[in-house]
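J.: Sequence first, predicted coordinates after that:
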Amino acid sequence: MTAGELLRRYAPPPEVLLNHVVNRLPYASWRMRAYAALGVALDDPRTSLIMLGSEVWKPDRLRIGGRTAIGRHCPIAPPAGDGIGDDVNVSSYSRLMTAKHLVDDPEFPAAYGPIVIR
């Protein structure tokens, strides 16, 4: 078995690394490079910033524009191909999630909507 196969088989999902290691990196440049390497689409990693303590779920579904800052301790769970545009500031402790249950359905299934901030 090759090293790549071993890594794919035994490595934790990207969310574990993002939310327990990457979001604690003290230097923003290191942190943003790690977010990009683990699947977050950054239009300009030099001018975008995800501050310490923010959680990213489903990094492959998140796009962040240039000159955008996401404050400390923001949980971000994009359901499908959502994006945060250019020149956006998301305040610390904001929660970016869409989820609800369909209360009129007897099975009470979950439903998700898009998040687009411009």
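T.: That came through fine.
J.: In the chain, mark out all the strands, start to finish.
T.: For the chain, applying DSSP state E gives strands covering 41-42, 49-50, 55-56, 62-64, 69-70, 75-77, 82-84, 89-90, 96-97, 100-101, 110-111, 116-117.
J.: quick one, longest helix in the chain?
T.: helix 28-37 (DSSP state H).
J.: buried sites along that helix?
T.: Using 16 or more other C-beta atoms under 10 Å as the test for burial, helix 28-37 gives 28, 31-32, 34-35. Yep, even glycine has a C-beta here, placed from its N, CA and C like the rest.
J.: For the spatially most central residue of the chain, which residues count as its bridge partners?
T.: Most central in the chain under C-alpha atoms, centre = their mean is residue 56, positioned 3.0 Å from the mean C-alpha point. In this entry, residue 56 is beta-bridged to residue 76, by DSSP bridges.
J.: who's in contact with it?
T.: Listed by C-beta atoms under 8 Å, 6 or more residues apart in numbering, the contact set of residue 56 reads 15, 18-19, 23, 35, 40, 50, 62, 76.
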